[in-house]
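[1] Only the shape, not the letters, is given here:
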């Protein structure tokens with residue numbers, strides 16, 4: 001069960017990473033740094049926050065508190081990323097840290113208590129906490145992308161008016177066990 005759970009959450013994280021990347025790829029450099037208003041975050045700020053959280057939570061995941069002393073959460077929301085390259089570097093560094101930690105998990109360390117801000121979590125609780133957190137922010141990235149692109153937005157899921165066609169295609173195929181196949185992640 002442990003390995004099956006890890007594989008399942010990895011697919012979930014990969015799916016949300018893909019949604020963020022497909023959104024970022026559609027946007028101009030200027031749109032990555034656009035804010036609706038002063039109280040809003042740009043996509044760049046959200047990426048920086050995800051990077052800071054991921055690096056803090058997943059570095060030495062099993063042995064140190066997930067809120068590292070070196071993390072400066074407040075600075076994560078400052079718009080100081082200057083270009084797409086820097087944004088993508090932070091994006092990839094954060095996700096690499098997460099996937100590296102997931103890859104280190106096995107039955108022998110599964111029962112480790114993981115601390116986040118000095119509060120103990122089972123490994124599964126700590127993973128689930130982030131599996132709720134990261135999609136929340138990826139959803140913000142997608143929403144900002146849709147606002148910025150308006151009618152030029154290329155749907156990341158089933159386009160409007162295509163639900164019936166999509167369902168007909170799916171039900172014409174044999175039943176499949178998993179819902180996040182490699183084919184689905186490539187969309």
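    Thanks, I have the structure now. Quantities reported herein were computed from a predicted structural model and do not represent experimental measurements.

[2] Would you mark the buried spots in stretch 88-108?
    If you call a residue buried by 16 or more other C-beta atoms under 10 Å, then stretch 88-108 has these buried ones: 88, 90-91, 94-95, 97-99, 101-102, 105. Every residue, glycine included, has its C-beta placed from N, CA and C.

[3] These in helices, which ones?
    Judged by DSSP state H, those include 88, 90-91, 94-95, 97-99, 101-102 as members of helices.

[4] Quick check: residue 139 vs residue 172, distance?
    30 Å (C-beta to C-beta, to the nearest Å).

[5] more neighbours, these two?
    residue 139 (14 against 7; other C-beta atoms under 10 Å).

[6] can you tell me the helix or strand for that one?
    helix 123-149 (DSSP states H and E).

[7] which is the next helix or strand following that helix?
    helix 163-171.

[8] How about residues contacting that following helix?
    By C-beta atoms under 8 Å, 6 or more residues apart in numbering, the residues outside helix 163-171 that reach it are residue 158.

[9] Same check on stretch 42-50?
    20, 23-24, 27, 31-35, 41, 73, 76-81, 87, 90-91, 94, 134, 137, 140-141, 144-145.

[10] which stretches of this protein have low pLDDT?
    178-187 (pLDDT under 70).

[11] Could you rerun that using 80?
    For the chain, applying pLDDT under 80 flags the ranges 1, 177-187.
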